[in-house]
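1. Below are the sequence and a predicted model; questions follow.
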Amino acid sequence: MNVRGIIIVLSVLATVSTIAIVYLALENNIAKQNQAEELQARVHVFTPNGTQYVRISDLVPDSHEPFAYPFTGNSTFDSEASREWQLLRLPKDLGGDKDDISSFRAYSVLDIYLGCLVPYVPRYEKLVDPCNGDTFESVNGIAVTGLAAYQRYNALPNLDLAVDDEGYIYVKPPTFEFDKNGVIGAGRDAFHCTDPTQTNLQFDIKRLTTRQQIESIVLSDPRIQKIIVNNSCEFMSDGILYTENGTYRTININLNNTKELSAAVVLQNNSVNSYELTNLTRTYPAK
């Protein structure tokens, strides 16, 4: 091989080596960035000793911890109300005794009406807004009493959680839209029933308001939660029933592949006062 050939070979080897070094450096940087993003996504709870990551075993059923999301490490930013969330481990009667991520929920601490803070109160097993008297179910964040129960977006914004390879709880990338993870300070559309046989309902404001109240209260019942799949439902029919004990609106609801679920809802001044459920039985498709 002549001198020119040797120079060409050395140049090629040098180029290949340079490309390999650059590629490995880039791959290493990407790996570090991914690792940093994974650590950033972990739930950082506030403790007297500073922030720390959380494993499932760190919380007992019916307990809660505050945390910031997205976490920045800057105490000024992380203390903003819009970044403040609470991590709940559900009570045992609502599934909090399972040692997996299904036992946990994460909700924004801002209410969906006037911007007050909504702490979790273990003895009620609910989140309670002391400013407005609103209460929210711990299992789904849906308002069941107070003015918030009658808002179109009647649930607290939430975060989807998972567990990483090291056993720490982390937050999946949220989408802050009403029909996704919700809008902080404005609410979340937790249940939205279709009504294909009564398309003119949207033009009957009074009736639509009543339906939305029924959705927010009746469909947040823990018994229904246990049989709902994908939070999908459809109003089939409704009517008025007059009895000696008051006026009832009977709602027939189809919850996915369940049997027809009847809810006798007691109304007072067009507001839901109480209700009774029947036919609460799951129907499985034939094999």
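-> Structure received.

2. I112 contacts G146, correct?
-> No: with contacts defined as CB atoms under 8 Å, I112 does not count as touching G146, sitting 10.3 Å away. Glycine gets a C-beta too; all of them are placed from N, C-alpha and C.

3. more crowded one of those two?
-> It is I112, of I112 and G146, that has more neighbours when counted by other CB atoms under 10 Å, with 30 against 18.

4. Name the nearest residue to the more buried one, sequence neighbours excluded.
-> Spatial nearest neighbour of I112, excluding adjacent residues (CB to CB, 6 or more residues apart in numbering): G187 at 3.6 Å.

5. need the contact list for that neighbour.
-> Neighbouring residues of G187 by CB atoms under 8 Å, 6 or more residues apart in numbering: I112, A148, Q151, R152, Y153, N154, A155, L156, P157, F178.

6. Which of those are buried, as a PyMOL select command?
-> Those of those that count as buried under 16 or more other CB atoms under 10 Å are selected in PyMOL with:
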select buried, resi 112+148+151+153+154+155+156+157+178
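
7. Filter the contacts of G187 down to just the ones in helices.
-> The members of those all map outside helices under DSSP state H.

8. Which one of the contacts of G187 is nearest to V118?
-> Checking the contacts of G187 against V118 by CB to CB gives L156 as the nearest, at 6.8 Å.

9. low-confidence ranges in the stretch 151-287 of the chain?
-> 152, 191-239, 247-287 (pLDDT under 70).

10. If we use 50, what do you get?
-> Applying pLDDT under 50 to the stretch 151-287 of the chain flags the ranges 196-203, 229-231, 257-259, 282-287.

11. any idea how far A149 is from the residue nearest to I112?
-> Per CB to CB, to the nearest Å, G187 is found 11 Å from A149.

12. again with Y107
-> 16 Å.

13. Next, the contact list for V109, please.
-> Taking CB under 8 Å, 6+ apart, one finds P66, A81, E84, W85, Q86, L117, V118, P119 in contact with V109.

14. picking up where we left off before, which one of Y107 and A149 is surrounded by more residues?
-> Remark: of Y107 and A149, Y107 carries more neighbours, 24 against 20, as counted by other CB under 10 Å.

15. can you map out the helices along the stretch 101-250 of the chain?
-> 205-218, 222-225 (DSSP state H, counting those that start in this stretch).

16. Outline the domain layout of this protein.
-> 1-40, 44-171, 199-278 (automatic domain parsing).

17. hey, what's the residue lying closest to R83 once chain neighbours are set aside bridged with?
-> The shortest distance from R83 to any non-neighbouring residue, by CB to CB, 6+ apart, is to A68 (4.9 Å). Judged by DSSP bridges, the bridge partners of A68 are E84.

18. Please determine how far A68 is located from T76.
-> 11 Å.

19. quick one on the thing from earlier: out of the contacts of G187, which comes closest to D58?
-> Closest to D58 out of the contacts of G187 is L156 (22.5 Å), distances taken as CB to CB.

20. residues contacting the closest one?
-> Counted by CB under 8 Å, 6+ apart, L156 has contacts Y107, S108, D111, I112, V118, L127, F136, G141, A143, G182, G187, R188.

21. Kindly reformat those as JSON lines containing distance to P173.
-> Formatted as JSON lines, the contacts of L156 follow (distance: CB to CB, whole Å):
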{"residue": "Y107", "distance to P173": "17"}
{"residue": "S108", "distance to P173": "16"}
{"residue": "D111", "distance to P173": "24"}
{"residue": "I112", "distance to P173": "22"}
{"residue": "V118", "distance to P173": "24"}
{"residue": "L127", "distance to P173": "24"}
{"residue": "F136", "distance to P173": "24"}
{"residue": "G141", "distance to P173": "19"}
{"residue": "A143", "distance to P173": "26"}
{"residue": "G182", "distance to P173": "14"}
{"residue": "G187", "distance to P173": "20"}
{"residue": "R188", "distance to P173": "16"}
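
22. Lowest-confidence one in those residues?
-> Lowest pLDDT within the contacts of L156 is found at A143 (83).

23. Near that one, how many other residues are there?
-> A143 has 31 neighbours, counted by other CB under 10 Å.

24. and it, what are its bridge partners?
-> As for beta bridges, A143 partners with F136 under DSSP bridges.

25. who touches it in this structure?
-> By CB under 8 Å, 6+ apart, A143 lies in contact with I112, D134, T135, F136, A149, Q151, N154, A155, L156, S216.

26. quick one: the fifth one and F136 touch, right?
-> Think A149. No: counting by CB under 8 Å, A149 sits too far from F136 to count as a contact (9.0 Å).
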